[in-house]
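Novice: I need the structure of the sequence given here:
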Amino acid sequence: MIKFTEQEILQDALIAHKFLIKMYCQYGIECSNQELRSLLNTLCTVSSNHDFKIFNIMNQKGFYKTTPAQASKLNQTLKMHTKMQAELESKLCSSCDKKG
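Specialist: Just a heads-up that it's a prediction; the model follows:
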């Protein structure tokens, strides 16, 4: 009988949750039924929360080491993504206005 280490079990759980998150989000985006879409989005959030708990356990045990980012890099990334989101929303809104 094969025995898995704690690290291998946690890695497997983390990989499984990453896959679930990807699938729930993809199917939620492509779903036209609002009730099912809402359920898939909820499942995506729940799986993401579980994924974060597994990550924290792995990080505390030294199985998944991270390097803290510099505050300036965090602020730069936040500004870049905020700008990209605003540009995307602007394009989507202007596209909707042209159709209406």
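
Novice: so what pLDDT did residue 1 get?
Specialist: In this model, residue 1 is scored at 89, pLDDT.

Novice: Report the residue ranges of every domain in the chain.
Specialist: The chain is divided into the following domains under automatic domain parsing: 1-66, 69-100.

Novice: From the chain's centroid, how far away is the longest helix seen in the chain?
Specialist: Criterion DSSP state H: the longest helix present in the chain is helix 71-99. Centroid displacement of helix 71-99 relative to its chain, using CA atoms, centre = their mean, to the nearest Å, is 18 Å.

Novice: Let me see the mean pLDDT of it.
Specialist: Mean predicted confidence for helix 71-99 is 82.

Novice: And for stretch 30-41?
Specialist: On average, stretch 30-41 scores 94.

Novice: Just the buried residues of it, please?
Specialist: Across stretch 30-41, burial judged by 16 or more other CB atoms under 10 Å covers 40, 41. Where you see a C-beta, it was placed from the backbone N, CA and C, and this is true even at glycine.

Novice: Extract the CA atoms of it and return them as PDB.
Specialist: Extracted in PDB, the C-alpha atoms of stretch 30-41 (Å, rounded to 0.1, in the frame of the first residue of the first chain):
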ATOM      1  CA  GLU A  30     -20.700  30.600 -20.200                       C
ATOM      2  CA  CYS A  31     -24.000  29.900 -18.400                       C
ATOM      3  CA  SER A  32     -27.200  31.600 -19.600                       C
ATOM      4  CA  ASN A  33     -29.400  30.400 -16.700                       C
ATOM      5  CA  GLN A  34     -29.200  33.000 -14.000                       C
ATOM      6  CA  GLU A  35     -30.000  30.600 -11.100                       C
ATOM      7  CA  LEU A  36     -27.300  28.100 -12.300                       C
ATOM      8  CA  ARG A  37     -24.900  30.900 -13.000                       C
ATOM      9  CA  SER A  38     -25.300  32.200  -9.400                       C
ATOM     10  CA  LEU A  39     -24.800  28.700  -8.000                       C
ATOM     11  CA  LEU A  40     -21.600  28.200 -10.000                       C
ATOM     12  CA  ASN A  41     -20.300  31.600  -8.900                       C
END
